[in-house]
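Asks: need the 3D shape of this:
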Amino acid sequence: MPAANFPQMNFTQMHERLRLELLRRIQRGTLSVSLLSRQTGFGQAHLSNFLHSRRQLSLEAMDRILAAQRLTVADLLPSAPRAVAWPEGEEGNAVPVVSHAVALFEPVIRPSAVETMLHLPAAVLRSAHSRASNARRAWERFVAVRVPSGDALPMDPLVLPEAIALIDRHYNSLLPYRPNRPNLYAVRRGSHLSLRYADFLSSRLVLRPYDIAFPVELIEVDPGESPNDLLVGRIVLILNEF
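Replies: Residues are numbered from 1 along each chain as shown. A predicted model of the protein is given here:
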């Protein structure tokens, strides 16, 4: 196949895609830092620094990890981001509805991961302001997820069972989007996605429900890790009835 048919990717992008792929495998329980250390011969601290974006790998180190995980550079190439058939004239208005795992871990949404398309007024997407960390800017921006009954209860009546939540993955900052109004986020809790208000206090991400009958939750943020990494994105819109 001619090289021109492949998506373009520079070293920095390849480095980041490898990091995210390893994190996805760790989150899904198919890999651990200790196992990767045994497979590659690298120290766990060295690998942990790479996974938390505190250091970069050399080409030789990347080759060793790719071989250990049976990955090729082609596996890291971005999929054609809009290979889904779009209704004529609505390319900029449609957002993929995906699973929680895809919203959490997939920088580029593969066509096979799209459950359906959510069509919105163009102004909803154009008017949203971004505030993304450097790593997150390479991600496809808008996705939507369904909110199951159990996940909706702590946010009732703001979020009802089976609502669709529109997520801006380019807003993973804790700074308020609007003055004096808390941001509602999609938050990563382990391998699970939850909708919560969030603050950062004493090395912990504080997750607050809408319904005060449900508990406030605390997530410990490891030293050197940013709380922004736990924020999937800001909730732009909730569709409780559609």
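Asks: which of the residues in the worst-scoring helix or strand of the chain on mean pLDDT are buried?
Replies: None of the helices or strands of the chain scores lower by mean pLDDT, DSSP states H and E than helix 73-76, at a mean of 73. Neighbour-count burial for helix 73-76, counted by 16 or more other CB atoms under 10 Å, picks out Leu76. For every residue, glycine as well, the C-beta is placed using N, CA and C.
Asks: remind me what it packs against, helices and strands.
Replies: Helices and strands touching helix 73-76, by 3 or more CB pairs under 8 Å, 6 or more residues apart in numbering; DSSP states H and E, are helix 11-27.
Asks: could you rerun that using 10 Å?
Replies: helix 11-27, helix 59-68 (3 or more CB pairs under 10 Å, 6 or more residues apart in numbering; DSSP states H and E).
Asks: can you pull out the residues in contact with the last one?
Replies: Contacting residues not belonging to helix 59-68 are listed as 11, 14-15, 18-19, 21-22, 31, 35-42, 46-47, 50, 56-58, 71-73, 75-76 [CB atoms under 10 Å, 6 or more residues apart in numbering].
Asks: for PyMOL, write the select line for the buried members of the residues you listed.
Replies: With 16+ other CB under 10 Å as the criterion, this PyMOL line picks the buried residues out of the contacts of helix 59-68:
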select buried, resi 14+15+18+19+21+22+31+36+37+40+42+47+50+57+71+76
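Asks: domain assignment for the protein?
Replies: 7-76, 91-239 (automatic domain parsing).
Asks: so which of the ones you listed is the most packed in?
Replies: A comparison of the domains of the chain by mean neighbour count, using mean count of other CB atoms under 10 Å, puts domain 91-239 on top with a mean of 17.
Asks: no further queries at this time; thank you.
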